[in-house]
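Q: A structural model of the following input is requested.
(chains A and B)
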Amino acid sequence: MGRRGAVSAAESPASPHRLHLKLMADEKEFRYDPAEIETKWQQRWAADPALYAAEPAASGKPKYYVLEMLPYPSGQLHMGHVRNYSIGDALARHMWMRGYNVLHPMGWDAFGLPAENAALKNNTPPRDWTLANIAAMKRQMQRLGLGYDWATEVTTCLPDYYRWNQWFFLRMYEKGLAYRKKSKVNWCPECATVLANEQVIDGRCWRHEDTIVEQRDLVQWFFRITEYADELLEGLDKLDGWPEKVRTMQRNWIGRSEGTEVDFSLEGSGEKIRVFTTRVDTIFGATSVQLAPEHALVANFTASDAVLRAQVDEMIAEQKKARETGDIGAIEKHGVATGKFAINPYNGEKVPIWVANYILADYGTGAIMSVPAHDERDFEFATKYGIEIRRVIAPAAGGEEPELPFVSEEGVLVNSGEYDGLSCEAAQKKLQEIAASGVFGEAKVTFRLKDWGVSRQRYWGTPIPMIHCEKDGMVPVPDDQLPVLLPEQIEITQQGGSPLGRVPEFVNVECPKCGGAAKRETDTMDTFVDSSWYFYRYIDAKNSTAPFGRELAGYWFPIDQYIGGVEHAILHLIYSRFWTRVMRDLGLTKNNEPAERLFTQGMVIKDGAKMSKSKGNVVSPDDMVARYGADATRMYALFAAPPDRDLDWQEDGVAGVSRFLGRVWRLVAKHAEAARAGRGQSIEAPQGVTLKLLRKMHQTTAKITQDFEGRWHFNTCVAAIMMLVNELQGADAELSAGEVPPAAMHELLRTLVLLLAPFAPFVAAELWEELGEEGAVLRAAWPVSDPELAKEDEIEVPVQANGKLVTVVRVESGADQETLKKAAMADSKVQSRIEGKTIIKVIVVPGKLVNLVVR
RNA sequence: GCGAAAGUGGCGGAAUUGGCAGACGCACCAGACUUAGGAUCUGGCGGGGUAACCCAUGGGGGUUCGAGUCCCCCCUUUCGCACCA
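A: Sure, this is the predicted structure:
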């Protein structure tokens, strides 16, 4: 196809001989021109929305839901997106060709701060800015030839989506899963809003890595994710289609720890100091009680003690600073004795009460019993301050007394009164029971996971559907008044407080209960609310009476394959699992987990570093597509590394893939006429070069099919296609001389195009047409490898002497041990190598190798 | 500190179960063709050696007829967690 005079195929149905005639007329004119082919097919695909559309369940085909994480509409795709979507699209296309009913949707995580920042900077309304970005990125995706069903597109910032956020919020409020409380929260001064714990990374904002997150006391809305903590944890064990790394990260994040709460009493008062411990078996070794500086009791102590007050304040400041800079683990342990004492309820022993800087107010009860002999930190602390260190656990195995601290639980109790001799495990159980029956404690499970703070003091998010009435208190917005629309014309400023609070028309409402004057909640929801359930909306994106239909969810869920970056291992993926369970309990879905399988792809890096504007090493997808075409860009993204590893972007590599596609192009064009002549004919008793080529073709098919089914090493799939093409090209003389019958030629080129289709959809579509095939290549059946034809009839077997390679012998592929051995011994190189030596042993692995052990 | 993954030519990477280390591609070199091109085609390309051969998968040890692959120790890099009681 030449640059000049090409008629858009959308206008005229393809002339089957077009390419070939062009080739004859002017060989040089026949050049692989990705821009032209890709434009043509992009138009055709746009005109045929059914091509990538999912079918109803009644299609009878097995369903396959493949999902890539939806992007934030920043306005520009980056290479990480291109890689993510190239993987998903290859899989989707493969599954289509395998005859599945594939759902492959795309959408936009469209609420968020950047839109407000852009509004400030350019004086553009966030909505306009966002929608323009979406349009731009959608164009990029279409230019890349990604096969999405745009009829199901979801844009989270539009009312028909976010009204369901509000609807879910109300359902959660009714179930007590959404609640309000005052608490210490993470505050990013740069975002001027609260952040969830999950959004604080090393004490810094997840969006501003140089901005230290502050702690503030605010009244906030929370989702009770902790209600599902155990279930979220247990569910991980069954998620064997998820990477172990992600599961481990979630386990750590949930941080379940089983232990006992025990009340020590404050000497000289009836007050109780409740401590949490995982090692109640060591309680006879408790030689002090340690309180967090912010513990409620500490305030009582300091009220009458100015010196103590000052010391505690200093510790609070220190903890705050450490928390903010993220080196909480690094501060030196220190503390101060309060002069007060606590009574151990098990033995009535009086131990001193300290305040220590390493005790956290928000974990456990904010108070611990300190057992220096059997805990690293307590040991360090006690050594520093000369607090008694008392051994109460001896190794179960007996023998010498181990050095302290002895933290193992493989032990028995000593110096523990009537409990001496019990194993740690037994003692924990026993002491727990005693605490419960004596009403001075109980078994307790503590989690690191905290409830999800969802209030944001920002404009560009889902309004929280709540109304504050002086008379009726907190009143939910009735369902029939949803959505609570986000006002459109609003001035964005960087003043404190929620921007919505400055919009009187929004704020002032009638109370739905009493009809009196009331005020709307002005905080908006965390954008992670949007992304927690978006993939359910795809299946029923136009539904105006429910977030989605139950039946449809039953059909499509769980997602068969979810693909995205590992950076969402905690945030998005834990919230999604939570949300799925909430929906299940609302009776909307049956599945416990959103996705059966999760794949986390590696990062795209350049020159060994993550691409970033500040490093100036950003590669623009548009640029790549303009220079080498979408097919080459996508195929390189799959070829340069296995999908789970980091990928080093090398532009020369893209050029290489582009050259390869040019070779395929010319190869098929050159022999297309012969191939077309062989359509519908059957191949009979192939031999010689025909057999050789067909064999390679079947081997390649088998390899790629297998990879799609499990390993996903698409880099080697592309390499295998290259080898097949190299082999075909190497036989060019025979092909041109007509030595390969048309039927075989047809089969070879047709299969080559089919194998290429998931990776380079544009070239595949064009060549499919060129071969005179009907219908979309996407709906053609994936080729099946014939093991008989894939089998070599002769193989090369290495012959070793003492494990070192001597030579390679050719034998029939089914050759038995004896034949192999004979062939090896007959070889002249082997002969000269073993001359004058004794053969001690001969190892023959049929089909693999011969190894002679000689001396 | 704890946990996980990784370390192979100049570069990206291959070797799926212990069986020819370096597939495929990039870069580079040589040649062909040529209205000279960032096009296409052919060949070469881990290191040493004229050669027979020898050496080589972060380092050291081990198991084995045979180790990039399994085991032990160590080094480096990346990621995650890190006063969680």
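Q: does residue A:444 sit in a helix, a strand or a coil?
A: Judged by DSSP: H, G, I helix; E, B strand; the rest coil, the three-state class of residue A:444 is strand.
Q: tell me which element whichever residue of the stretch 101-250 of chain A sits closest to RNA strand B is part of?
A: Residue nearest to RNA strand B within the stretch 101-250 of chain A: residue A:249 (4.3 Å; Cβ to the nearest atom of the strand). The C-beta positions use only the backbone N, C-alpha and C, and glycine is treated the same way. If you go by DSSP states H and E, residue A:249 is part of helix A:244-254.
Q: What's the local residue count around the residue of the stretch 101-250 of chain A closest to RNA strand B?
A: 17 (other Cβ atoms under 10 Å).
Q: Find the nearest non-adjacent residue to it, please.
A: residue A:569 (4.7 Å; Cβ to Cβ, 6 or more residues apart in numbering).
Q: Hmm, that neighbour is touching residue A:600, no?
A: Yes: using Cβ atoms under 8 Å, residue A:569 and residue A:600 qualify as a contacting pair, with a distance of 7.2 Å.
Q: which residues of chain A score low on pLDDT?
A: By pLDDT under 70, the low-scoring segments of chain A are A:1-30, A:323-330, A:494-496.
Q: domain ranges for it?
A: A:1-31, A:32-158+A:544-615, A:162-253+A:451-528, A:257-446, A:628-790, A:794-854 (automatic domain parsing).
Q: quick one, which of the ones you listed is nearest to residue A:535?
A: Among those, domain A:32-158+A:544-615 comes nearest to residue A:535, with 5.6 Å by Cβ to Cβ.
Q: near RNA strand B at all, that closest one?
A: Yes: using Cβ under 7 Å from any atom of the strand, domain A:32-158+A:544-615 reaches RNA strand B at A:566, A:570.
Q: Quick check: end-to-end length of that domain?
A: End-to-end span of domain A:32-158+A:544-615 (Cα to Cα, to the nearest Å): 35 Å.
Q: Centre of the chain to it, how far?
A: 13 Å (Cα atoms, centre = their mean, to the nearest Å).
Q: what's near enough to touch the residue nearest to residue A:249?
A: With contact taken as Cβ atoms under 8 Å, 6 or more residues apart in numbering, residue A:569 is in contact with A:245-246, A:249-250, A:600.
Q: how about stretch A:407-422 as CSV, C-alpha atoms only?
A: Taking Å, rounded to 0.1, in the frame of the first residue of the first chain, the C-alpha atoms of stretch A:407-422 are listed here in CSV:
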residue,chain,number,x,y,z
VAL,A,407,11.8,-13.8,73.4
SER,A,408,11.0,-17.3,72.1
GLU,A,409,7.7,-18.8,72.9
GLU,A,410,9.2,-22.3,73.0
GLY,A,411,9.4,-22.3,76.7
VAL,A,412,8.0,-23.1,80.1
LEU,A,413,7.1,-20.7,82.9
VAL,A,414,9.4,-20.3,85.9
ASN,A,415,9.2,-17.8,88.8
SER,A,416,5.5,-17.6,88.1
GLY,A,417,4.0,-19.1,91.2
GLU,A,418,1.4,-21.8,90.7
TYR,A,419,1.8,-21.6,86.9
ASP,A,420,5.4,-22.8,86.9
GLY,A,421,6.0,-25.5,84.4
LEU,A,422,3.2,-24.6,82.0
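Q: Near RNA strand B, which residues of the stretch 301-450 of chain A are found?
A: Looking at RNA strand B, the residues of the stretch 301-450 of chain A close enough under Cβ under 7 Å from any atom of the strand are A:322, A:328-329, A:331-333, A:357-361, A:363-366, A:368, A:375, A:377, A:446, A:448.
Q: go with 6 Å
A: A:328-329, A:331, A:333, A:357-360, A:363-364, A:366, A:368, A:377, A:448 (Cβ under 6 Å from any atom of the strand).
Q: Can you go through the contacts of residue A:569 and name the buried ones?
A: Buried members of the contacts of residue A:569, counted by 16 or more other Cβ atoms under 10 Å: A:246, A:249-250, A:600.
Q: packing partners for the top helix by length along chain A?
A: Counting by DSSP state H, the longest helix found in chain A is helix A:651-677. Packed against helix A:651-677, as judged by 3 or more Cβ pairs under 8 Å, 6 or more residues apart in numbering; DSSP states H and E, are the following elements: helix A:18-25, helix A:621-628, helix A:630-639, helix A:714-730, helix A:732-736, helix A:742-756, helix A:761-770.
Q: In the helix or strand just after that helix, which residues are buried?
A: Note on helix A:651-677: by DSSP H and E, the next helix or strand toward the C-terminus is helix A:688-706. By neighbour count with 16+ other Cβ under 10 Å, helix A:688-706 contains the buried residues A:689-705.
Q: and what of stretch A:237-255?
A: A:239, A:242-243, A:246-247, A:249-250, A:253-254.
Q: Between all of the residues you listed, which two are separated the most?
A: A:243 and A:254 (16.8 Å).
Q: what residues are up against the residue in the stretch 601-750 of chain A positioned nearest to RNA strand B?
A: Closest to RNA strand B within the stretch 601-750 of chain A is residue A:656: 2.5 Å, counting by Cβ to the nearest atom of the strand. Applying Cβ under 8 Å, 6+ apart, we find residue A:656 in contact with residue A:636.
Q: Distance of it relative to residue A:755?
A: Applying Cβ to Cβ, to the nearest Å, the value for residue A:656 to residue A:755 is 19 Å.
Q: My guess is residue A:743 contacts residue A:675. True?
A: No: using Cβ under 8 Å, residue A:743 is not in contact with residue A:675, being 9.2 Å away.
Q: Pick out whichever of these two has more residues nearby.
A: Each of residue A:743 and residue A:675 has its neighbours counted (other Cβ under 10 Å); residue A:675 has more, 26 against 19.
Q: excluding its backbone neighbours, what's nearest residue A:170?
A: Residue A:170 sits nearest to residue A:476 (Cβ to Cβ, 6+ apart), 5.2 Å away.
Q: Could you pick out the residues of the stretch 151-300 of chain A near RNA strand B for me?
A: Checking the stretch 151-300 of chain A against RNA strand B by Cβ under 6 Å from any atom of the strand, the hits are A:245, A:249, A:252, A:255, A:257, A:259, A:276-279, A:292.
Q: now, which of these sits nearest residue A:788?
A: Looking across these and measuring by Cβ to Cβ, the closest to residue A:788 is residue A:245, at 41.2 Å.
Q: Now do the same contact list for that closest one.
A: Taking Cβ under 8 Å, 6+ apart, we find residue A:245 in contact with A:566, A:569, A:600.
Q: Including secondary structure, could these go into JSON lines?
A: Formatted as JSON lines, these follow (three-state DSSP):
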{"residue": "A:566", "secondary structure": "helix"}
{"residue": "A:569", "secondary structure": "coil"}
{"residue": "A:600", "secondary structure": "strand"}
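Q: CSV for those residues, including distance to residue A:121?
A: Shown next, in CSV, are the contacts of residue A:245 (distance: Cβ to Cβ, whole Å):
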residue, distance to residue A:121
A:566, 31
A:569, 32
A:600, 33
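Q: Nearest to residue A:306, out of those residues: which one, please.
A: residue A:569 (47.9 Å).
Q: Look up how far residue A:528 lies from that closest one.
A: If you go by Cβ to Cβ, the gap between residue A:569 and residue A:528 works out to 13 Å.
Q: go on, residue A:236?
A: 19 Å.
Q: Now do the contacts for residue A:178.
A: Applying Cβ under 8 Å, 6+ apart, the residues near residue A:178 are A:169, A:172, A:221-224, A:454.
Q: Using PyMOL, make a named selection holding only the buried ones among the residues of the stretch 301-450 of chain A next to RNA strand B.
A: Only the buried entries of those go into this PyMOL selection, using 16+ other Cβ under 10 Å:
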select buried, chain A and resi 331+357+358+359+363+364+366+368+377
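Q: correct me, but residue A:805 touches residue A:829?
A: No: using Cβ under 8 Å, residue A:805 is not in contact with residue A:829, being 10.2 Å away.
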